[in-house]
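No sequence on hand, only this structure:
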């Protein structure tokens, strides 16, 4: 570490107690170390420059009975043109679908596309995973 | 909030400065609020009970020229039996593949399977997304 | 060959002429041999007993702008329950999608499901491939 | 029909008898009509010019325990570069995999790629479906 700063964080005792359980389960030495890790992970995601070429997957769970949702999802993916490489769909039960959309393009465009899809009514859960082509990863 | 605790966190000034940039970009009121959000998100992931039935996707990027890696990946997925529903593969470039593995089963089993795959040499990057069938999500 | 029958076939001269081109390109000895091959191939497909457990893929090309088509496709696949294992979708251009639906179940059920999907307006082309789990194939 | 030709076909009585069963099950008026349909279907496949841009799916079933097969399959797909759009893999049982490879490119190239994959030892069954982007299909 370089020059060290010290900040204060106020939080609900209940939240702190649950966090302490995780900290001890993962054998962190102290809370500062655990919180630094959370911040570093957050920075990794944020620091993917909007202009950087990346690949990404968006996992969504949705209710296919929601009117027009299936069509909006297809429309948005087609609207994204060659950014969407493929999508694989699994039928979880009578109502629910899981779909994984594989994309490539600039990080900013893909984040926008993901946010657009995640904001559709009937999409219950979703998570974007951004990665690179692996060229610069050891 | 219930009863409030106040903790001190020491961290590198450089790390803090980058985190402050994100905080202001996302219009958080203050650092405590931003850190509470990181902790809450961490708890959501941790609190998925190992016995809970979930669906999950594992996104990996790997170098298919690494000897035996393609076969180990197929073997591990077959070894997991009906937990692996499907996998979709995209060829990124001459060396690199992106694969998304769609799984269902108990959260603990899927985390173990994911960790096993992520620890293979030649798997450069990977991220597990755990979700539910959506039955209990509004 | 066992006991040989001889049948007469009437067909358009133009059709015959194109067929003769294929016959010579594939170095068949004569038309009878080429037609026997077509019949044998047809029998292989027909002879998959409706009760036999098989795996199958249905490849379809459709226009996602056709009203309600995307939703009907998702509905029919969900209605088929566990027979549909996964579907992968590729966006060909602004209008057209290719989707491959992977199914398992009794051959008769899967043929019915495929025919139902193929008969939807807006599905331009489709082909069912039935195979087995490979257990009895050398 | 234009000018009609009449040809003679000799075939095993047993083969003819099974074919007659299909003919009556499908309510063809006579054998000529049924055979004309087989020939027309054969022409459709053959007439896809090697230079024509098409999309195609190749469905294969293979034994993933065959040494090096999984790697050869990945290598051949990467060797084909941008012609392979995506591949989806389903684990049928402890030994057998079904994989559907989605491709686009010139019909001749895709037929060559498919033949190369189908000729690998351990690939038990496979079928290529060639279609178009649907632009010229009513």
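Arrived safely, thanks for sending. Computed from a predicted model, the values in this text were never measured in an experiment. Numbering: from 1, shown residues only, chains lettered A, B, ... in the order given.

Return the per-residue confidence for the residue in chain A sticking out farthest from the centre.
Relative to the centre of chain A, and counting by Cα atoms, centre = their mean, the farthest-placed residue is residue A:3 at 31.4 Å. At residue A:3, the model reports a pLDDT of 89.

which residue sits closest to it, ignoring its sequence neighbours?
Distance criterion Cβ to Cβ, 6 or more residues apart in numbering or on different chains; nearest residue to residue A:3, sequence neighbours excluded, is residue B:13 at 4.5 Å. The C-beta positions use only the backbone N, C-alpha and C, and glycine is treated the same way.

what mean pLDDT would you report for the host helix or strand of residue A:110?
Using DSSP states H and E, the element containing residue A:110 is helix A:107-118. On average, the pLDDT along helix A:107-118 is 90.

May I see the buried residues of it?
Going by neighbour count (16 or more other Cβ atoms under 10 Å in any protein chain shown), the buried part of helix A:107-118 is A:107, A:109-111, A:113-114, A:117.

Stretch A:56-72 too?
Buried-residue list, stretch A:56-72, by 16+ other Cβ under 10 Å: A:56-66, A:69-72.

That one near chain B at all?
Yes: contact of stretch A:56-72 with chain B (Cβ under 8 Å from any Cβ of the partner chain) involves A:57, A:59, A:61-63.

Quick one: mean pLDDT for that stretch?
91.

Ok, stretch A:97-104 next?
Computed over stretch A:97-104, the average pLDDT equals 95.

is that stretch anywhere near chain C?
Yes: where contact is defined by Cβ under 8 Å from any Cβ, part of stretch A:97-104 touches chain C, namely residue A:97.

now what about that stretch, what contacts it?
If you take Cβ atoms under 8 Å, 6 or more residues apart in numbering or on different chains as the criterion, stretch A:97-104 is touched by A:53-64, A:73, A:77, A:80, A:83-92, A:110, A:113, A:117, B:55, B:57, B:88, B:90, B:92, B:98, B:100, B:102, B:131, C:74, C:78, D:86.

Which of these fall in helices?
A:73, A:77, A:110, A:113, A:117, C:74, C:78 (DSSP state H).

Format those as CSV; extra columns: distance to chain D.
Listed next are the ones in helices among the contacts of stretch A:97-104 as CSV, based on distance: Cβ to the nearest Cβ, whole Å:
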residue, distance to chain D
A:73, 17
A:77, 13
A:110, 17
A:113, 18
A:117, 19
C:74, 17
C:78, 18
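
Nearest to residue A:36 among the residues you listed?
residue A:110 (27.9 Å; Cβ to Cβ).

Which one of the buried residues of helix A:107-118 is nearest to chain C?
residue A:113 (12.6 Å; Cβ to the nearest Cβ).

That closest one contacts residue A:73, correct?
No: the pair residue A:113 / residue A:73 is not scored as a contact, 11.4 Å apart, by Cβ atoms under 8 Å.

near chain C, which residues of chain A?
Going by Cβ under 8 Å from any Cβ, the residues of chain A near chain C are A:64, A:68-71, A:73-75, A:77-78, A:81, A:84-91, A:94, A:97.

Can you tell me which of those residues end up in strands?
A:84-91, A:97 (DSSP state E).

farthest-separated two in the residues you listed?
A:85 and A:91 (21.5 Å).

can you list contacts of the helix ranked longest in chain A?
In chain A, taking DSSP H as the definition, the longest helix is helix A:31-46. By Cβ under 8 Å, 6+ apart, the list of residues contacting helix A:31-46 from outside reads A:9, A:19-20, A:22-23, A:26, A:28, A:130, B:7-12, B:15, B:18-19, B:22, B:35, B:38-39, B:42.

Report the angle between that helix and helix A:107-118.
Here the directions of helix A:31-46 and helix A:107-118 differ by 100 degrees (axes from the mean of the first three to the mean of the last three Cα atoms, to 10 degrees).

mind checking how far helix A:31-46 is from the chain centre?
15 Å (Cα atoms, centre = their mean, to the nearest Å).

Check stretch A:43-59 too.
That offset, for stretch A:43-59, works out to 10 Å (Cα atoms, centre = their mean).

what about residue A:125, distance to residue B:54?
11 Å (Cβ to Cβ, to the nearest Å).

Could you name every residue contacting both of these two?
B:131-132.

quick revisit: just the buried subset of the residues of chain A next to chain C, please.
A:64, A:69-71, A:73-74, A:77-78, A:84-91, A:97.

Break chain A down into its domains, please.
A:13-46, A:53-131 (automatic domain parsing).

still on that earlier bit, could you pull up the contacting residues of the residue farthest from the centre of chain A?
Counting by Cβ under 8 Å, 6+ apart, residue A:3 touches B:12-14.

is it possible to export these to TSV including neighbour count?
TSV is the format used below for the contacts of residue A:3 (neighbours: other Cβ atoms under 10 Å in any protein chain shown):
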residue	neighbour count
B:12	16
B:13	12
B:14	12
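
between these, which is closest to chain D?
Nearest to chain D among the contacts of residue A:3, with distances taken as Cβ to the nearest Cβ, is residue B:14, at 40.3 Å.

burial count for residue A:20?
Using other Cβ atoms under 10 Å in any protein chain shown, residue A:20 has 14 other residues around it.

go on, residue A:32?
Using other Cβ under 10 Å, the number of residues around residue A:32 comes to 17.

gap between it and residue D:31?
85 Å.

next one: residue A:21
Relative to residue D:31, and taking Cβ to Cβ, residue A:21 is found at 77 Å.

These two - which one has more neighbours?
Neighbour totals were compared for residue A:21 and residue D:31, and residue D:31 leads with 18 against 13 (other Cβ under 10 Å).

how close does the more buried one get to residue C:8?
9 Å.

ditto for residue A:59
61 Å.

thinking again about what came up before, from the residues of stretch A:56-72 next to chain B, which single one is nearest chain D?
Nearest to chain D among the residues of stretch A:56-72 next to chain B, with distances taken as Cβ to the nearest Cβ, is residue A:57, at 12.1 Å.

secondary structure element for residue A:49?
Per DSSP H and E, there is no helix or strand for residue A:49.

wait, isn't it in contact with residue A:111?
No: with contacts counted by Cβ under 8 Å, residue A:49 stays clear of residue A:111, the gap being 11.2 Å.

neighbours around residue A:120, how many?
16.

which one is it nearest to, not counting chain neighbours?
Of all residues not flanking residue A:120 in the chain, residue A:72 sits nearest, at 5.7 Å (Cβ to Cβ, 6+ apart).

Test my guess that the residue nearest to residue A:3 contacts residue B:19.
No: under the criterion of Cβ under 8 Å, residue B:13 is not in contact with residue B:19, lying 10.6 Å apart.
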